[in-house]
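*Asks:* sharing a model that was predicted from the sequence below.
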Amino acid sequence: MNEAIKLAIEKGGYEMLANQKAIVEIHFRKFGKNTARRIFETFILQDPVFWQTLGKALGWGECNEGYHVHTCNVRDSWKENAHQYFDLLLTGGDTEKFWKDLINEVATEPN
């Protein structure tokens, strides 16, 4: 998951909203690093823009930036991958394997 978040930020252009950052900072001060990290991950994983920018970073389709929203024109792979992740999460599936396979799939695709 950390690698996917890093890719979405560095290659896809993902940014958390200012109010989300403030909430994470408050929880960091009040409850510590581990709680703040879980909240940070929760905000990101529930944000459609995260999945869209991850798709952009991993080449799932052409993504165009709009006013506070990224839209993907070619296909909705970001939705399919988000649904697959949440299905695994809700059914007790192996989310670590999901992230590993997702990153490895892109790394092994021919150019």
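*Replies:* Arrived safely.

*Asks:* and the residue of the chain most remote from its centre, how close does it get to Trp78?
*Replies:* Farthest-out residue of the chain from its mean C-alpha position, per C-alpha atoms, centre = their mean: Lys30, at 25.4 Å. According to C-beta to C-beta, to the nearest Å, Lys30 stands 33 Å off from Trp78. Heads up, the C-betas are built off the backbone N, CA and C, glycines and all.

*Asks:* after the helix or strand hosting Arg38, next one along is what?
*Replies:* Following DSSP states H and E, one finds Arg38 within helix 33-45. Sequence order places helix 48-58 as the next helix or strand after helix 33-45, per DSSP H and E.

*Asks:* list the buried residues of that following helix.
*Replies:* Val49, Phe50, Trp51, Gln52, Thr53, Leu54, Gly55, Lys56, Ala57, Leu58 (16 or more other C-beta atoms under 10 Å).

*Asks:* I'd guessed Ala8 sits against Leu54; true?
*Replies:* Yes. Contact criterion C-beta atoms under 8 Å: Ala8 and Leu54 qualify, at 4.2 Å.

*Asks:* any shared contact partners between those two?
*Replies:* Each of Tyr14 lies in contact with both Ala8 and Leu54 under the rule C-beta atoms under 8 Å, 6 or more residues apart in numbering.

*Asks:* just the closest of the buried residues of helix 48-58 to Glu41, please.
*Replies:* Phe50 (10.1 Å; C-beta to C-beta).

*Asks:* I figured the closest one hits Ala8, correct?
*Replies:* Yes. Taking contacts as C-beta under 8 Å, Phe50 lies within contact range of Ala8: 5.6 Å.

*Asks:* what residues are shared contacts of the two?
*Replies:* Contacts common to Phe50 and Ala8, judged by C-beta under 8 Å, 6+ apart, are Tyr14, Ile44.

*Asks:* give me the three-state assignment for the closest residue to Thr53 other than its chain neighbours.
*Replies:* In this structure, Thr53 finds its nearest non-sequential neighbour in Gly12, 3.1 Å apart by C-beta to C-beta, 6 or more residues apart in numbering. For Gly12, the assignment made with DSSP: H, G, I helix; E, B strand; the rest coil gives coil.
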